[in-house]
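[1] Sequence first, then the predicted structure:
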Amino acid sequence: MMPRLHFTLPTVWPPVVLCILFLAWPQEAAAIGLPTISFGVDDANTPGEVSNALQVLFVLTILSVAPAILLMTTCFTRIVIVLGFVRQAMGTQNMPPTQVVLGLSLFLSFFVMSPTINRINEEALQPYLNEQLDQPAALEKALAPMRDFMFSQVREAELSLLTEITMDAEPLAPEDVPTMTLIPAFMLSELKRAFQMGFMIYIPFLVIDMVVASVLMSMGMMMLPPVIISMPFKLLLFVLVDGWSLVVGSLIKSFGP
């Protein structure tokens, strides 16, 4: 029989260690000089202090709703839905992972939206930082490029539907369409285009599944799931035709004028 070793730790050690830490902590904190953070409401001496506080509050509010703004007013919706259709059509479960799909969609969105972002920076952000524009004028200048992008992608049917619901009279020019009406119309158009592209992506993979299922049925192998046999063929087809380049290229070209 192998000998067994027994270790006993004194129960006095944990309280002693804690006492030493509590006694030594104030001295260490005083020696290091740890910073403190305090929040409070004080009287403002100048109107500028109130304006700065409101600007900070406005920026924090914008950051909290930034994901919704990204989804509603950019090309992110169409890209992420199409890439999700690609993954489901191949039947690879979680390959590529969701983080990879979202990351690729985000960077492709930045790539597609780069002209609009540069225009916002040149016409609104830089003049505002250089104190050439006030805040309302800068916001109006920043909104114009986003409206131009959404108008270039929105479909007439969805825009007409939303304008009939929200407006009393038919708009005569794009400037007459409110932004709150344009955004949902743009979202509906993006969803429709994304599902149309997803349908076209599904067709070749569906054909492979049907061919494999027919072959298995003719061979009498009805208990074997066709997905197990068809997945390697779908991956092979996707690799041979350079599927990712085709999908990404088609997505980027779909945002052209």
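    Here it is on my side, so go on.

[2] what number of residues lie near the closest residue to Ile229 other than its chain neighbours?
    The shortest distance from Ile229 to any residue other than its chain neighbours is 5.0 Å, reached at Val212 (Cβ to Cβ, 6 or more residues apart in numbering). Every residue, glycine included, has its C-beta placed from N, CA and C. By other Cβ atoms under 10 Å, the residues close to Val212 number 21.

[3] likewise the one 10 residues further on?
    Neighbour count of Met222, defined by other Cβ under 10 Å: 9.

[4] circling back: I'd guessed the residue nearest to Ile229 sits against Leu224; true?
    No. Counting by Cβ atoms under 8 Å, Val212 stays clear of Leu224, with 9.8 Å between them.

[5] so what's Leu108 up against?
    For Leu108, the contact set (Cβ atoms under 8 Å, 6 or more residues apart in numbering) comprises Cys75, Ile79, Val248, Leu251, Ile252.

[6] what about 10 Å?
    Cys75, Phe76, Arg78, Ile79, Val80, Leu83, Val248, Leu251, Ile252, Phe255 (Cβ atoms under 10 Å, 6 or more residues apart in numbering).

[7] Only C-alpha atoms, please: export the helix or strand where it lies in CSV.
    Assigned by DSSP states H and E, Leu108 belongs to helix 98-120. Coordinates of each C-alpha in helix 98-120 appear next as CSV, following Å, rounded to 0.1, in the frame of the first residue of the first chain:
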residue,chain,number,x,y,z
THR,A,98,-21.1,34.5,-34.3
GLN,A,99,-18.3,36.8,-33.2
VAL,A,100,-16.6,36.4,-36.5
VAL,A,101,-19.8,37.1,-38.5
LEU,A,102,-20.6,40.2,-36.5
GLY,A,103,-17.0,41.4,-36.7
LEU,A,104,-16.9,40.9,-40.5
SER,A,105,-20.2,42.7,-40.8
LEU,A,106,-19.1,45.6,-38.8
PHE,A,107,-15.9,46.2,-40.7
LEU,A,108,-17.7,45.7,-44.1
SER,A,109,-20.2,48.3,-42.8
PHE,A,110,-17.4,50.8,-42.1
PHE,A,111,-16.0,50.1,-45.6
VAL,A,112,-19.3,50.7,-47.3
MET,A,113,-20.1,53.8,-45.1
SER,A,114,-16.6,55.3,-45.3
PRO,A,115,-17.7,58.0,-47.9
THR,A,116,-20.6,59.0,-45.8
ILE,A,117,-18.5,59.0,-42.6
ASN,A,118,-15.8,61.2,-44.3
ARG,A,119,-18.4,63.6,-45.5
ILE,A,120,-19.9,63.9,-42.0
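
[8] Identify each buried residue in that helix, please.
    Residues Val101, Leu104, Ser105, Leu108, Ser109, Val112, Met113, Thr116, Arg119, Ile120 are the ones in helix 98-120 that count as buried (16 or more other Cβ atoms under 10 Å).

[9] among those, which two are most distant?
    Spanning the widest gap among those are Val101 and Arg119, at 28.3 Å by Cβ to Cβ.
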